[in-house]
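# Pasted the sequence and its predicted model underneath.
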Amino acid sequence: MPDVIDHDIVIIGSGLAGLRAAISAASVTNGKKLNIGVFSKVQVMRSHSVSAEGGTAAVLFDDDGDNKESHVYDTIKGSDFLGDQDVAERLVDNIPFEIYQLDRWGMPWSRRDDGRIDQRKFGGYSYPRATYAQDKVGFYEMQTLYDTSLKYDNIHFYNEWFCTSILHDDNNFQGLTAIEMKNGNFVKIKAPAGIICTGGAGRIFSFSTYAYSSTPDGLDMCLRAGLALKDMEFVQFHPTGILPSGILITEGARGEGGYLINNQNERFMLKYAPEKLELAPRDVVSRSMIQEIQAGRGFEHESGLECLKLDLTHLGDEKIKEKLAGIREIGIKFSGVDIVDEPIEIRPVCHYMMGGIHTDIDGKTEMNGLWAAGEAACNSTHGANRLGANSTSECLVWGRITGEVAAKYALSKKESSSGNISITLNNQQILDEEKRIFDNIFRGRGQVNPYEVRKELTDTMDAKAYVYRDEKSLMEGLKKTRELKESAWKHVDDNSKEYNTNFTNVMEIDAMLRTAEIVLMGAINRKESRGAHARIDFPKRDDVNFLKHTLAYYKQDGPVLDWYPVTFTRYAPVERKY
Ligand SMILES: Cc1cc2nc3c(=O)[nH]c(=O)nc-3n(C[C@H](O)[C@H](O)[C@H](O)COP(=O)(O)OP(=O)(O)OC[C@H]3O[C@@H](n4cnc5c(N)ncnc54)[C@H](O)[C@@H]3O)c2cc1C
């Protein structure tokens, strides 16, 4: 492999967003094929998207009264009015096409008796809208997209390549640096266009539903390239993570009729969301659960953590085996509980990052030639709180959009240079990156164990930036994160070149520390409660002062925060009731 590779478009990430972007870019040819490279630090089918369980939200039929305006409004209300309304409209307009497109590519959607695609109820929606495939929607969507992508001979997969930085000149994207993990080589990749699809960063918390690979590498690459992260203080805690692992029990379980109980055997959601009950949005349900626990009505799990229970026993053996087979298996293997027979212990768990790389409605970042899609991006679909099943939708819609726009951009660059795009990389940038990763990290002299730093960081995030927050806890979290960041932890014990996951782990921890700092600073700065950001010391939403997005840049001396306006089309903010 040469130490410089050329592509027309590079995509980092092979989850739902990355695969959809690759297919979309590969289909825009204009008579000329674009040469597309998809880089992933794990094998394609190990991207976190494979673990999506419950469904993908779309309005497919109007016979029950469902309509697109309702999906738009549910999304905006769910976002606590921080979502950009034009973006929500675009999501809702575009997702039905994606559902049928996947169907044509072979997606085994669960179906109704009459043969039409089935949809189940999900939190915060007015109609059953989660299009599903048993309880493994992500796995089947990924299979379908991966399979489809293999038809294109102009998509090249680089599996187990760890990207480390964005190369750019004068605010124009030029390519990437990466480590080919099988031999440890440091490679430069040149391309006029790039799409970041590196997924969510939920591993900055210990109790988390995410894959171990879900670290903020892509977010941090953007920060280091001078780009902004947006709304990072909004972290979603899903009500039903099992103990002690944090593995997810899909909201589809409640969509199918499961309910939550406290130690008095009460269906406590009756008190907090009399209409929607367990199918209120996740921020509402998670807060209700913590209030129950704080009032002494929780159960004590053997790990010492307090929890509540999800009861599915009344659904019966047949329905559970047909529609919720995956979570039944998870319960048996990881909690020792068969959900057919008994309620399962659960607790709110870090599950989604509403924030991410600041983009416009087309997924374009602040750098020419660079887009971002999927969970890594923040085009502001979800504002302060995402509705379940809207994320896979977002990945599909903006995977397609960014793939197409980036392809057109790359084609226009090709045409204006008569087919020979010449990119002169900035050598200083490459030398600086080599110094950062090889001198400071690989050959670092730190004495502190980086894995202990990671554990302390993620435990700190669990303790200080969970469902409820206040100034004191957030400040303590920030202080601890900064101490960890400043401590002498950078070193790699394993000296081998091949598959050195010790080295890549330490690079991940470096990114986690910077990103966690931004989550905490954003949370301290936002002195209100909105969506998933619930401040005990500022319990009310404050539209006068905080109906705006947070932007965070990383400057020499640390993060700098700014604000950015929310786009409104038709819907004025009102109080959220469920
Ligand atoms: C357990 C679970 C269940 C979920 N269920 C649902 C659901 O039912 N419905 C729904 O709508 N949403 C669901 N979500 C959310 C949704 O699945 C994710 O937001 C979405 O799949 C993210 O896809 P993505 O393409 O953005 O990134 P991911 O699938 O996370 O992929 C990230 C990619 O980036 C690559 N990458 C990262 N860093 C680097 C690097 N340094 N170098 C090279 N490659 C890199 C990785 O290798 C990977 O390929 C769920 C999430 C979880 C965790």
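Yes, it's here. Numbering: from 1, shown residues only.

# who in the stretch 201-350 of the chain is up against the ligand?
Thr209, Tyr210, Ser213, Ser214, Asp217, Gly218, Leu248, Thr250 (Cβ under 6 Å from any ligand atom). All C-beta spots, glycine's among them, are computed from the backbone N, C-alpha and C.

# gap between the first one and Thr381?
It refers to Thr209. 20 Å (Cβ to Cβ, to the nearest Å).

# just to revisit the earlier point, please convert the buried members of the residues of the stretch 201-350 of the chain next to the ligand into PyMOL selection syntax.
This is how PyMOL selects the buried members of those, with burial counted by 16 or more other Cβ atoms under 10 Å:
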select buried, resi 209+210+213+214+217+218+248+250
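
# Which of the residues of the stretch 201-350 of the chain next to the ligand sits closest to Glu498?
Ser213 (18.7 Å; Cβ to Cβ).

# For that closest one, grab phi and psi.
When read as degrees, to the nearest 10, the backbone of Ser213 gives phi -80, psi 0.

# Over to Gln85?
Dihedral angles for Gln85 - degrees, to the nearest 10 - are phi -70, psi -30.

# Excluding covalently adjacent residues, which one is nearest to it?
Nearest non-adjacent residue to Gln85, counting by Cβ to Cβ, 6 or more residues apart in numbering: Thr569, 4.1 Å away.

# My guess is the one you found contacts Gly83. True?
No - Thr569 is beyond contact range of Gly83, at 10.9 Å (criterion: Cβ atoms under 8 Å).

# out of those two, which sits in the busier spot?
Gly83 (32 against 12; other Cβ atoms under 10 Å).

# Next up, the contacts around that one.
Thr75, Ile76, Ser380, Thr381, His382, Gly383, Ala384, Val566 (Cβ atoms under 8 Å, 6 or more residues apart in numbering).

# now with 7 Å?
Thr75, Ile76, Ser380, Thr381, His382, Gly383 (Cβ atoms under 7 Å, 6 or more residues apart in numbering).

# Looking at these, spot the one nearest the ligand.
His382 (10.0 Å; Cβ to the nearest ligand atom).

# now that closest one, what's its secondary structure?
coil (DSSP: H, G, I helix; E, B strand; the rest coil).

# I'd like to know how many residues surround it.
His382 has 34 nearby residues by other Cβ under 10 Å.

# Which residue, other than its chain neighbours, is closest to it?
That would be Met354: by Cβ to Cβ, 6+ apart, it lies 4.7 Å from His382.

# Run a quick check on the one you found versus Met232, I expect a contact.
No - between Met354 and Met232 there is no contact under Cβ atoms under 7 Å: 8.5 Å.

# residues near the residue nearest to His382, how many?
28.

# Tell me the predicted confidence for it.
If you check Met354, the pLDDT there is 98.

# for Ala133, what are its contacts?
Met107, Pro108, Trp109, Ser110, Tyr140.

# That one: what secondary structure?
Ala133 - assigned by three-state DSSP - is coil.

# and the residue in the stretch 101-250 of the chain positioned nearest to the ligand, what does it touch?
Going by Cβ to the nearest ligand atom, the ligand is nearest to Gly199 of the stretch 101-250 of the chain, at 2.3 Å. Gly199 is in contact with Gly13, Gly15, Ser47, His48, Ser214, Gly374, Glu375, Ala376, counting by Cβ under 7 Å, 6+ apart.

# Could you rerun that using 10 Å?
12-18, 47-49, 210-211, 213-219, 353, 356, 374-376, 395 (Cβ atoms under 10 Å, 6 or more residues apart in numbering).

# Can you tell me which of these end up in strands?
Judged by DSSP state E, the contacts of Gly199 include Ile12, Met353, Gly356 as members of strands.

# out of the contacts of Gly83, who has the most neighbours?
His382 (34 neighbours).

# do whichever strand or helix holds Val10 and the ligand meet?
Val10 belongs to strand 9-12 when assigned by DSSP states H and E. Yes - applying Cβ under 6 Å from any ligand atom, one finds strand 9-12 touching the ligand at Ile12.

# Quick check: neighbours of that strand in the sheet, parallel or antiparallel?
The strands beside strand 9-12 in its sheet (DSSP bridges) come out as strand 36-40 (parallel), strand 193-196 (parallel).

# right, so of these, which gets closest to Phe442?
Here strand 36-40 is closest among the strands paired with strand 9-12 (Cβ to Cβ), at 20.0 Å.

# can you pull the buried residues of the lengthiest helix in the chain?
Determined from DSSP state H, the single longest helix within the chain is helix 390-416. By 16+ other Cβ under 10 Å, the buried positions in helix 390-416 come out as 390-407, 409-411, 413-414.

# out of those residues, who's near the ligand?
Within the buried residues of helix 390-416, those near the ligand by Cβ under 6 Å from any ligand atom are Asn390, Ser391, Thr392, Cys395.

# Not counting its neighbours along the chain, what's nearest the third one?
Residue nearest to Thr392 in three dimensions, not counting chain neighbours: Thr56, with 4.3 Å by Cβ to Cβ, 6+ apart.

# likewise the first one?
Closest residue to Asn390 apart from its sequence neighbours, by Cβ to Cβ, 6+ apart: Ala57 at 5.0 Å.

# I'd say that neighbour and Ser391 touch.
Yes - shown here, Ala57 and Ser391 form a contact pair, counting by Cβ atoms under 10 Å, at 8.9 Å.

# For the stretch 301-450 of the chain, give the residue positioned nearest to the ligand.
For the stretch 301-450 of the chain, Cβ to the nearest ligand atom, closest residue to the ligand: Gly374, 2.4 Å.

# Could I get the contacting residues of that residue?
13, 15-21, 47-49, 195-200, 218, 356, 363, 391-392, 394-396, 398-399, 402.

# follow-up on the earlier one: looking at the residues of the stretch 201-350 of the chain next to the ligand, which is nearest Tyr127?
Closest to Tyr127, out of all of those and judged by Cβ to Cβ, is Thr250, at 18.5 Å.

# In terms of helices and strands, where is the residue nearest to Arg445 when sequence neighbours are not counted?
Counting by Cβ to Cβ, 6+ apart, Arg445 lies nearest to His491, which is 6.2 Å off, once chain neighbours are set aside. Under the criterion of DSSP H and E, His491 resides outside all helices and strands.

# same check, this time on Val506
Counting by DSSP H and E, Val506 is part of helix 501-525.

# Quick one: check that helix for contact with the ligand.
No - no part of helix 501-525 sits near the ligand under the criterion Cβ under 6 Å from any ligand atom; the closest distance found is 7.7 Å.

# Quick one: mean pLDDT for that helix?
Rounded mean pLDDT across helix 501-525 is 98.

# in it, what counts as buried?
For helix 501-525, by 16+ other Cβ under 10 Å, it's 502-524.

# same deal with stretch 48-64?
48-61.
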